[in-house]
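Enquirer: Okay, sequence plus prediction incoming.
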Amino acid sequence: MTFARFICEFRRHFDETPFALGLQVTHPKPVHAADYDRILQVPVEFDASRNAMRIDPTWLQVEVDPANKYLFGVLTERGDALLKELEDSNKLTAKIEKMILPVLHTGEVSMDEIARQTGQSRQTLYRKLRAEGANFETLLDRLRHKMALHYLSSNKVSVNEVAYLVGFSDPSSFSRAVKRWTGKSPGKIWGEIHSNQTMTSEGH
């Protein structure tokens with residue numbers, strides 16, 4: 001999933017310059033191997049000694065525009081502020097949010113991994129979260145909601161980039177989530193925020 005996200009997102013934004021030239025995975029060739037070819041559109045070596053992606057070397061010379069570093073999981077000032085806020089809390093939910101936030105963009109946050117990092121079983125983590133009136137799925141959803149609104153209010157990222165930042169590889173899934181959270185589409189929220197910012201700027 002991680003390799004697919006890199007390859008497909010780069011193809012969607014930079015179709016003229018391929019990112020990946022080949023892929024190696026350690027697992028055996030599955031019965032649905034044809035789907036790898038269809039989706040990734042690069043040669044895939046199964047039963048390899050490592051999980052690796054060979055990229056076009058021209059990408060190593062590309063300087064990333066600071067305004068687009070968010071595409072690579074760099075936190076905005078708002079994210080840093082939230083991390084500071086979470087550090088000041090002794091609640092387990094805040095500590096878990098702090099662990100999730102830096103990797104939220106990967107879309108691969110799991111309760112099992114958080115339990116492993118905190119040195120406890122999944123059942124123990126579930127029980128402790130429940131004692132604080134929370135559960136992992138709701139906590140993750142709430143953090144995505146919070147950060148999506150933060151990123152949408154920034155003038156440095158697009159709606160699709162916001163979807164990536166909060167862990168959605170499919171923009172339509174992100175759109176449905178935003179409508180569930182706010183009753184509005186992400187495009188409408190982004191437009192309203194930036195329309196208000198423009199009016200404020202013109203007023204000054």
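Expert: That came through, no problem.
Enquirer: residues touching the spatially closest residue to residue 29 that is not a sequence neighbour, list them.
Expert: Spatial nearest neighbour of residue 29, excluding adjacent residues (CB to CB, 6 or more residues apart in numbering): residue 46 at 3.9 Å. Any C-beta I mention is one placed from the backbone N, CA and C, and that applies to glycine too. Contacts for residue 46 were tallied using CB atoms under 8 Å, 6 or more residues apart in numbering; they are 25, 27, 28, 29, 30, 33.
Enquirer: Would you mind listing which of those are buried?
Expert: residue 25 (16 or more other CB atoms under 10 Å).
Enquirer: Redo the contacts of residue 46 as JSON lines? Include pLDDT.
Expert: Below are those laid out as JSON lines (pLDDT from 0 to 100):
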{"residue": "25", "pLDDT": "88"}
{"residue": "27", "pLDDT": "87"}
{"residue": "28", "pLDDT": "91"}
{"residue": "29", "pLDDT": "90"}
{"residue": "30", "pLDDT": "89"}
{"residue": "33", "pLDDT": "88"}
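Enquirer: which one of the contacts of residue 46 sits closest to residue 164?
Expert: Distance to residue 164 across the contacts of residue 46 (CB to CB) is lowest for residue 25, with 22.5 Å.
Enquirer: I'd assumed residue 45 was in contact with the closest one.
Expert: Yes: contact criterion CB atoms under 8 Å: residue 25 and residue 45 qualify, at 7.3 Å.
Enquirer: Residue 181 - how many residues pack around it?
Expert: 17 (other CB atoms under 10 Å).
Enquirer: Oh, that last question was meant for residue 93, not what I typed.
Expert: Neighbour number of residue 93 under other CB under 10 Å is 20.
Enquirer: And for residue 32?
Expert: Neighbour tally, residue 32, other CB under 10 Å: 8.
Enquirer: Against residue 98, how distant is it?
Expert: To residue 98, residue 32 is 37 Å away according to CB to CB, to the nearest Å.
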